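Trainee: fold the following, please.
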Amino acid sequence: MGDFWVFGYGSLIWRPGFAHTETHRARLHGFRRALCVYSWVHRGTQQRPGLVLGLDRGGSCVGLAFRIPGELRDEVVAYLRERELVTNVYLERTFSVRLDTGETVPALCYIVDRAHPQYAGGLDEAEAARVVIGAVGQSGANEDYVRNTVEHLKALGIRDHWLEKVAELVAA
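Mentor: The predicted structure follows:
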């Protein structure tokens, strides 16, 4: 099996944690970036959940696609499963993403499982900010996660107005 692609839309953008040979801006159709997952491990606890991003149905999402050498497939997929499937709130799927070169490639994606108890659904900005503020998990403060994601998206020229508003409310 040859090289493969992984689509990142949140913390994978600023902390992929795996070797890759190429990175391209990419768009995934049919899913949008959403702060829709109650975090019980990385950015919160079951007693005091935080919020992390998921790919939820509808719209499209601009993120990054990482090209992984085929010989690293098992290692990278194992790493991603350990990182993303801690509580099985995400479903591992392969979808076509369109690279900034115009090429369409299949990419490994982690989408939210709407039937999972950690699915937060459609919170408004103020509700999301209230959940984020003060939540801390194994990977650190939830506020840092939101701020880092927004900063890196902006640096890439990717605007997410809803997430930016949540970050503003958290900072205030």
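
Trainee: so where do the strands sit in the protein?
Mentor: 4-8, 22-39, 50-68, 90-99, 104-112, 136-137, 140-141 (DSSP state E).

Trainee: could I get these as a markdown table with mean pLDDT?
Mentor: Written out in a markdown table, the entries for the strands of the chain read as follows (pLDDT from 0 to 100):
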| stretch | mean pLDDT |
| --- | --- |
| strand 4-8 | 97 |
| strand 22-39 | 97 |
| strand 50-68 | 97 |
| strand 90-99 | 98 |
| strand 104-112 | 98 |
| strand 136-137 | 98 |
| strand 140-141 | 97 |
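
Trainee: in CSV: the ones you listed, plus mean neighbour count and distance to residue 127.
Mentor: Any C-beta I mention is one placed from the backbone N, CA and C, and that applies to glycine too. Formatted as CSV, the entries for the strands of the chain read as follows, by neighbours: other C-beta atoms under 10 Å; distance: least, C-beta to C-beta, whole Å:
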stretch, mean neighbour count, distance to residue 127
strand 4-8, 22, 26
strand 22-39, 20, 10
strand 50-68, 21, 9
strand 90-99, 18, 22
strand 104-112, 19, 17
strand 136-137, 18, 19
strand 140-141, 15, 19
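
Trainee: turn the ones you listed into JSON lines, including distance to residue 78.
Mentor: Output for these, formatted as JSON lines (distance: least, C-beta to C-beta, whole Å):
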{"stretch": "strand 4-8", "distance to residue 78": "13"}
{"stretch": "strand 22-39", "distance to residue 78": "21"}
{"stretch": "strand 50-68", "distance to residue 78": "12"}
{"stretch": "strand 90-99", "distance to residue 78": "12"}
{"stretch": "strand 104-112", "distance to residue 78": "12"}
{"stretch": "strand 136-137", "distance to residue 78": "22"}
{"stretch": "strand 140-141", "distance to residue 78": "23"}
